[in-house]
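Asker: model this:
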Amino acid sequence: MFKRARRLEEVVGFGIDRVAAAADRVTQANPAWPVLRMENLDTDLPLPPEAIAATIESLATPPANSWLPFTGDYALRGAIADFLSERTGHRYDPEREIVITSGGMEALLDVLLATVDEGDEVVLTDPTYAGLVNRVRLAGASPRFAPFRAGGEWVLDLDALDAAVGPTTAALVLMSPSMPSGGTFTAADWSVICDICRNRDVALLYDSAMERLLFDGRALVHPLHHDGMTERTVVVGSLSKEHRMIGWRVGWAAGPAEVIEDVGWVHVYNTTTPTGIARAAATAVLRGDQGHVAECVAELERRRDTILGVLPGWPFVSPGGGWSMLVDVRSRGLEPLEASRLLLEEMSVAATPMIGWGGEVAARHVRLVFSAESVESLRTLGERAAGTRLAAALAG
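Answerer: All right, here's what the predicted structure looks like:
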């Protein structure tokens, strides 16, 4: 008889799977409107031009079906080192300071397992990705939250962030744009965050998966641009967001050699080796022309603006980047679970309630993902909403 590990007591599901299953049932029932799949982070945006061709060409080669190297082949690690150097000004040693993982979230869990102990605390934003929160718990640590404040856009409460750091804080886990909110950090924000890390001797685990998906002409600001942050930061990245290569499962962790050595062993004893058939394509894409990222950012920004335009008065907080946006349904007297149900039943829109995606701020919201629905599909939201109970409530 197996017992249940205590670390799972506070681990909760995404909610995405339940919404997706309900959406599949509605789809099979042939409603008046086809269901808009806005509950998950699939995307219809095109792949980088090198992705498929390089994968096909490499499939029959020995490296595509090899265990080795356990922590990722040297060509890919070198490509990541150059890729990061261009945006951070710091070049990691490909052999000692980079580990390739099966997606960015494996990298994040590996880093947590290598650096936190039971009884430690890890500070995240509220809202944040539920996968970050629950990996903190799986590693035996406890999450603490610093809230984003909602205005026209999300603004991180820097005083609350500083207050959340205590004597048992092992790390800050941050991303910008943040998922699911699309909140971004300004240069001034990063300056304060880095001051906190230096002054309080706290590590930064930076999830860079969406860092170039920035709207309204925002510039990329990186924590490694600040003095003293190279030695106290681990950068986790992947090809799943900026490069839309979800199925390739390529991620990485880059940081100081003494940390990355431990991260590498956690990775090895977790998965043994990263995805072999993805290595050639990943290398080609990272060394290829990155113009496709800007094209996709422009399309995502059009989709954001379309939603805001056809649902006027809804309590959205406009995202500064990313793939999704949040609507504060509790501000209109609805609970997220009920609002999610009404979105599907009345508008044929699958959307995920943000319960478990942070603390009190997240629990007010429902997430709409706009990475897999075209502008033309999103323009139907206004017509779908017309005359519904949900729209009457949310439009105020």
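Asker: can you show me the helices along the stretch 151-300 of the chain?
Answerer: Counting by DSSP state H, counting those that start in this stretch, the segments of the stretch 151-300 of the chain that form helices are 158-164, 187-200, 257-271, 279-287, 291-310.
Asker: any idea which of these gets closest to residue 108?
Answerer: helix 257-271 (10.0 Å; CB to CB). Placement of C-beta: from N, CA and C, glycine included.
Asker: so which elements touch the closest one?
Answerer: strand 98-101, helix 104-115, strand 233-238, strand 251-254 (3 or more CB pairs under 8 Å, 6 or more residues apart in numbering; DSSP states H and E).
Asker: can you list contacts of that helix?
Answerer: Outside helix 257-271, the residues that touch it by CB atoms under 8 Å, 6 or more residues apart in numbering are 70-71, 93, 96-99, 101-102, 106-107, 109-111, 113-115, 234, 253-255, 274.
Asker: tell me the domain ranges of the protein?
Answerer: 6-47+291-394, 51-287 (automatic domain parsing).
Asker: picking up where we left off before, so which of the helices and strands packed on helix 257-271 comes closest to residue 337?
Answerer: helix 104-115 (25.2 Å).
Asker: so what touches that closest one?
Answerer: By CB under 8 Å, 6+ apart, the list of residues contacting helix 104-115 reads 99, 101, 122, 131-132, 135-136, 138-139, 141, 170-171, 173, 203, 205, 207, 209, 234, 236-238, 240, 251-253, 255, 259, 262-263, 265-267, 270-271.
Asker: pLDDT of that helix, averaged?
Answerer: Taken as a whole, helix 104-115 carries a mean pLDDT of 98.
Asker: and it with helix 257-271, angle?
Answerer: 120 degrees (axes from the mean of the first three to the mean of the last three CA atoms, to 10 degrees).
Asker: how about the CA coordinates for helix 104-115, as CSV?
Answerer: This file holds the C-alpha atoms of helix 104-115, laid out as CSV (Å, rounded to 0.1, in the frame of the first residue of the first chain):
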residue,chain,number,x,y,z
GLY,A,104,12.2,24.7,-19.8
MET,A,105,10.1,23.3,-16.9
GLU,A,106,12.4,20.3,-16.5
ALA,A,107,15.2,22.8,-16.3
LEU,A,108,13.4,24.8,-13.6
LEU,A,109,12.6,21.8,-11.5
ASP,A,110,16.2,20.6,-11.8
VAL,A,111,17.5,23.9,-10.6
LEU,A,112,15.1,23.9,-7.7
LEU,A,113,16.0,20.4,-6.7
ALA,A,114,19.6,21.3,-6.8
THR,A,115,19.3,24.5,-4.7
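Asker: which secondary structure elements does the helix or strand immediately after that helix in the chain contact?
Answerer: Next helix or strand after helix 104-115 toward the C-terminus (DSSP states H and E): strand 121-126. Applying 3+ CB pairs under 8 Å, 6+ apart, we find strand 121-126 packed against helix 130-138, strand 142-150, strand 169-175.
Asker: re earlier: mean neighbour count added to the domains of the chain, as CSV?
Answerer: Shown next, in CSV, are the domains of the chain (neighbours: other CB atoms under 10 Å):
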stretch, mean neighbour count
domain 6-47+291-394, 18
domain 51-287, 20
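Asker: could you tell me the end-to-end distance of stretch 81-96?
Answerer: 11 Å (CA to CA, to the nearest Å).
Asker: quick one, phi psi at residue 26?
Answerer: phi -70, psi -40 (degrees, to the nearest 10).
Asker: good, we can wrap up now.
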